[in-house]
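Trainee: Output the structure for:
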Amino acid sequence: MSVIDPEALLQRLLVRCVKSDASDLHLSAGLVPYLRLEGILEPQVDDPPVSAETVERIARVLAAASRREPPARIGSLDGALTAPDGTRFRYSVFRRQNEFAISLRRLEDRFRSLAELGMPESLYGLCDLPDGLVVVAGPTGAGKSTTLATLVDRINRTRRCHLVTIEDPIEYLHRPLQSLVNQRQVGTDTESFYEALVAAMRQDPDVILVGEIRDLPTIRTAITAAETGHLVLTTVHAGDCVGAIERLISVFPADEQIGMRRQLAMVLKAIVTQHLIVADGPADRPPTDADGVVARRPRVVTSEVLMSNPAVANLIAVGKSSQIYSTMEAGGSLGMQTLEQDLARLLDAGRISESTAMTLSRNPNVMRERSGRLRQSRVGGSRMQGGRA
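Mentor: Presented below is the predicted three-dimensional model:
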């Protein structure tokens, strides 16, 4: 029986992932490889199952590339690697039922513009802020890191500043352009997000990117950094802008939350929440090939944007976050938009179906009303053009 070269197998699967335009590759002991294609996880039934020994050997290849050891008995290991064709992948090695499993996420091969990502171009204004806290929120796999990479690339191209990133792992490589960029990886360059963030305060940074803030010391230090004249960019797992605020505050003990609300209200500049959904509307109807096989539908980003102003800061400080939505509804001129407004836009453009919009919306009635207004405005504009003709 021939011995499988784990590095060669890994490279072959990574090449297939790129050629298939898959977003993720999954390897589990005793199972065939899985690829995620347009959001759907599909087993590669033409491949043989990958043995537990081979998965472990691939895990050791990945760990060695990151100059680390794979989990010995329990735990997981995160990192990133560059394939021979230059494509970057983020990976997570973890144990399940005392055997290794591996998930690899394909990263963008270039920095895309906000327009290409489907995000409002007004967000570029955040790159010019001298200080404060900017949060990108959303569920896992929503593209938060990609959006942050786009903003960091914009800063790198337009500002003469020192930009320090703290990531786990480093996903996008930023070559210094206008900015001096220093990227640090948790686990190899630093012990933790918190340790690196504290150290960054002594490294003369203008902009600090923290890959994720999830624990109390890191959140506290990030807010302090934003208070002391630094622009801090970070991510948090939350479904909407108000949820992100409450997620940050809820980490603190009850007796500290009032004071932290006031601090957060002073430093917060913006929260951007995004979701990646299947474009199942008529405008993205997939073609059918000669064999009658329907192509997979693409995915589209829907976003919610909260820009801080005195009214928003006051509502955060006094704990009336639920009232922020009405401010967002009326804040279009400041670049704000609610999830319902953006879902209505995608529905009106034919990018998503009504059922998808209704499922994701917090308030389906508001979303339906917004969609109706857009439809009326579009029909009215068409009639006016026809009358002039």
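
Trainee: the strands in the stretch 151-300 of the chain, which residues?
Mentor: If you assign secondary structure with DSSP state E, counting those that start in this stretch, the strands in the stretch 151-300 of the chain sit at 162-167, 180-185, 207-210, 231-236, 268-278, 299-307.

Trainee: In contact with the closest residue to Ala29 other than its chain neighbours, which residues?
Mentor: Ranked by C-beta to C-beta, 6 or more residues apart in numbering and with sequence neighbours excluded, the top spatial neighbour of Ala29 is Ala52, at 3.6 Å. The way it works is simple: take the backbone N, C-alpha and C, and place the C-beta from them, glycine included. Ala52 is in contact with Ala29, Gly30, Glu99, Phe100, counting by C-beta atoms under 8 Å, 6 or more residues apart in numbering.

Trainee: Restricted to buried residues, select the residues you listed in PyMOL.
Mentor: Of the contacts of Ala52, the buried ones go into a single PyMOL selection, burial set by 16 or more other C-beta atoms under 10 Å:
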select buried, resi 29+100
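
Trainee: Let's have the contacts of Ala52 in TSV, adding secondary structure.
Mentor: Rendered in TSV, the data for the contacts of Ala52 read as follows (DSSP: H, G, I helix; E, B strand; the rest coil):
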residue	secondary structure
Ala29	coil
Gly30	coil
Glu99	strand
Phe100	strand
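
Trainee: Looking at the contacts of Ala52, point me to the pair that's furthest apart.
Mentor: For the contacts of Ala52, the maximum inter-member distance is 11.1 Å, found between Gly30 and Phe100 (C-beta to C-beta).

Trainee: Quick check: phi and psi on Arg106?
Mentor: Here is the backbone geometry of Arg106 (degrees, to the nearest 10): phi -70, psi 130.

Trainee: Tell me the spacing between it and Glu212.
Mentor: Counting by C-beta to C-beta, to the nearest Å, the gap from Arg106 to Glu212 is 20 Å.

Trainee: Kindly report the same for Arg373.
Mentor: Note on Arg373: its distance to Glu212, by C-beta to C-beta, is 37 Å.

Trainee: Please identify which of the two sits among more neighbours.
Mentor: Legend: neighbour count by other C-beta atoms under 10 Å for Arg373 and Glu212, higher for Glu212 (17 against 13).

Trainee: Would you agree that one is in contact with Thr235?
Mentor: Yes. When contacts are counted by C-beta atoms under 8 Å, Glu212 is listed as touching Thr235 (5.1 Å).

Trainee: center of the protein, which residue is that?
Mentor: Nearest to the centroid of the C-alpha atoms of the chain, with distances taken as C-alpha atoms, centre = their mean, sits Lys144, at 1.3 Å.

Trainee: Quick one: residues contacting that residue.
Mentor: Listed by C-beta under 8 Å, 6+ apart, the contact set of Lys144 reads Val136, Ala137, Gly138, Thr235, Gln274.

Trainee: of those residues, buried ones?
Mentor: Val136, Ala137, Gly138, Thr235, Gln274.

Trainee: For those residues, name the two members farthest from one another.
Mentor: Within the buried ones among the contacts of Lys144, Thr235 and Gln274 form the most distant pair, 10.3 Å apart (C-beta to C-beta).

Trainee: Can you pull the residues that touch both of those two?
Mentor: Val136, Ala137, Gly138, Lys144.

Trainee: can you tell me which of the strands of the stretch 151-300 of the chain comes nearest to Ala344?
Mentor: Comparison of the strands of the stretch 151-300 of the chain against Ala344 by C-beta to C-beta identifies strand 299-307 as nearest, at 10.0 Å.

Trainee: What residues sit buried inside that closest one?
Mentor: Burial within strand 299-307, assessed by neighbour count using 16+ other C-beta under 10 Å, is assigned to Arg299, Val300, Val301, Thr302, Ser303, Glu304, Val305, Leu306, Met307.

Trainee: In this structure the last one contacts Leu334, no?
Mentor: Which is Met307. Yes. Met307 is within contact range of Leu334, at 4.9 Å (criterion: C-beta under 8 Å).

Trainee: where do the contact lists of those two overlap?
Mentor: Taking C-beta under 8 Å, 6+ apart as the contact rule, Met307 and Leu334 have no neighbour in common.

Trainee: Let's have the strands of the stretch 151-300 of the chain in CSV, adding distance to Ser122.
Mentor: Shown next, in CSV, are the strands of the stretch 151-300 of the chain (distance: least, C-beta to C-beta, whole Å):
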stretch, distance to Ser122
strand 162-167, 22
strand 180-185, 24
strand 207-210, 19
strand 231-236, 16
strand 268-278, 10
strand 299-307, 8
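
Trainee: Format those as TSV; extra columns: mean pLDDT and distance to Pro364.
Mentor: Rendered in TSV, the data for the strands of the stretch 151-300 of the chain read as follows (pLDDT from 0 to 100; distance: least, C-beta to C-beta, whole Å):
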stretch	mean pLDDT	distance to Pro364
strand 162-167	95	37
strand 180-185	94	42
strand 207-210	96	35
strand 231-236	96	26
strand 268-278	95	15
strand 299-307	95	14
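
Trainee: so which of the ones you listed gets nearest Ser76?
Mentor: Evaluated with C-beta to C-beta, the strands of the stretch 151-300 of the chain place strand 180-185 nearest to Ser76, the distance being 15.4 Å.

Trainee: Quick check: buried residues in that closest one?
Mentor: Taking 16+ other C-beta under 10 Å as the basis for neighbour counts, the residues of strand 180-185 that come out buried are Val181, Asn182, Gln183, Arg184, Gln185.

Trainee: which residues does the first one contact?
Mentor: For Val181, the contacting residues are Val152, Asn156, Leu163, Thr165, His174, Arg175, taking C-beta under 8 Å, 6+ apart as the criterion.

Trainee: same thing but 6 Å
Mentor: For Val181, the set of contacting residues under the criterion of C-beta atoms under 6 Å, 6 or more residues apart in numbering consists of Asn156, Leu163, His174.

Trainee: Could you do the fourth one as well?
Mentor: Arg184 is in contact with Ile166, Thr190, Ala196, counting by C-beta under 6 Å, 6+ apart.
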